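[1] Give me the fold of what follows.
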Amino acid sequence: MTKSRVVLAAAAAALLVGALASCDRVGLGGPDSAKPTVTVTTTLSDEPSPTAEQTSEPTTTTTAPPATTSLPPGGSGLYTAVDSSRFTLNPPTSVASYAFSVPSSNIRCFIGSEFICEIHDGPNQSPVASRCGFYEGDSEERVRIVGWFKYDRPPCSTILQGTWRDPGPVLNYGESVHFSASGAEFTCYSSNEALYCTGPQNYGFRLSRTEFARYELS
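    Residues are numbered from 1 along each chain as shown. Okay, here's the model as predicted:
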């Protein structure tokens, strides 16, 4: 045997001994035991993967006042503007400097530190989101007063507390009037279908015997 063959044989023997020793350690589970291996099994299925629509969380929808580009329907050009001085209260009250009524006398509005319209024969109820919330239990189903009780908030509806006030001069059908009161601006339009008013916070409303609707103007 040559010298090179002797070296190769010795190296092979050393490798065989090392392999046998490693097998002994794995079998005994001693401190030098090899870490266990993890087998991952993949199961193939013919079922389609769920879509994003199926796996997404349910969403909550918030209902906002309906947006409209203008009040009244058809635009202000259909109405004749009249001077607000025609509706000046003399003498004024503690909360109103102006007042007007519609030709049917069913609606009467008072403008000053508040802008409120009283309606004798009004809707049986208004949307809960449009109620003022002055009384517990959301019992304000019968609409009797609507308007801006605070000018930094949207108009709302409530029930009547107290007595009906005297009507002001008539805002005839087809007429409109603009008021400035307590730093706020209002415009009302009288039609034989409803009274439309716009005011602070870019809000407006429609009021008739059958409906109170609040709008956010776009």
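[2] so what's the residue nearest to Phe149 when sequence neighbours are not counted up against?
    Leaving aside its chain neighbours, Phe149 sits nearest to Glu114 (5.5 Å; criterion: CB to CB, 6 or more residues apart in numbering). C-betas here are computed from N, CA, C, even on glycine. Each residue near Glu114 by CB atoms under 8 Å, 6 or more residues apart in numbering is listed here: 95-96, 147-150.
[3] what's the distance between Arg153 and Glu114?
    11 Å (CB to CB, to the nearest Å).
[4] ugh, typo on my part, it should be Thr93
    Where Glu114 is concerned, Thr93 sits at a distance of 10 Å (CB to CB).
[5] Thr163 - how many residues pack around it?
    Thr163: 5 surrounding residues under other CB atoms under 10 Å.
[6] now do the one 4 residues further on
    Counted by other CB under 10 Å, the residues lying close to Pro167 total 16.
[7] backbone phi and psi for it, please?
    For Pro167, the backbone dihedrals (degrees, to the nearest 10) come out as phi -70, psi 160.
[8] doesn't Pro103 make contact with it?
    No: counting by CB atoms under 8 Å, Pro167 stays clear of Pro103, with 10.8 Å between them.
[9] still on that earlier bit, just put the contacts of Glu114 in CSV and tack on pLDDT, neighbour count and secondary structure.
    What follows is the contacts of Glu114, written out as CSV (pLDDT from 0 to 100; neighbours: other CB atoms under 10 Å; DSSP: H, G, I helix; E, B strand; the rest coil):
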residue, pLDDT, neighbour count, secondary structure
Val95, 89, 13, coil
Ala96, 94, 19, strand
Gly147, 95, 22, strand
Trp148, 96, 25, strand
Phe149, 93, 16, coil
Lys150, 92, 12, coil
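[10] how about the residues you listed in TSV, adding distance to Ser70?
    Converted to TSV, the contacts of Glu114 look like this (distance: CB to CB, whole Å):
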residue	distance to Ser70
Val95	29
Ala96	27
Gly147	20
Trp148	19
Phe149	24
Lys150	24
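[11] Taking these, tell me the two that lie furthest apart.
    Farthest apart among the contacts of Glu114 by CB to CB are Ala96 and Lys150. That separation is 15.3 Å.
[12] Find the helix or strand that the closest residue to Thr198 other than its chain neighbours is a member of.
    Nearest non-adjacent residue to Thr198, counting by CB to CB, 6+ apart: Gly204, 3.9 Å away. Here Gly204 is covered by strand 203-207, with elements defined by DSSP states H and E.
[13] go on, Thr198?
    Counting by DSSP H and E, Thr198 is part of strand 195-199.
[14] So what touches that strand?
    The contact list for strand 195-199, computed with CB under 8 Å, 6+ apart, reads 71-73, 102, 107, 109, 115, 117, 147-148, 151, 155, 184-189, 204-208, 217.
[15] can you give me the strands for this protein?
    67-68, 80-82, 96-101, 107-112, 115-119, 145-148, 156-158, 175-181, 184-190, 195-199, 203-207, 212-217 (DSSP state E).
[16] which one of these lies closest to Leu89?
    strand 96-101 (5.3 Å).
[17] What lies in contact with the closest one?
    Looking at strand 96-101 with CB under 8 Å, 6+ apart, the contacting residues turn out to be 84, 87-89, 107-114, 165-171, 177, 179, 181, 188.
[18] Now, of those, which are buried?
    84, 87, 89, 107-112, 114, 167-168, 170-171, 177, 179, 181, 188 (16 or more other CB atoms under 10 Å).
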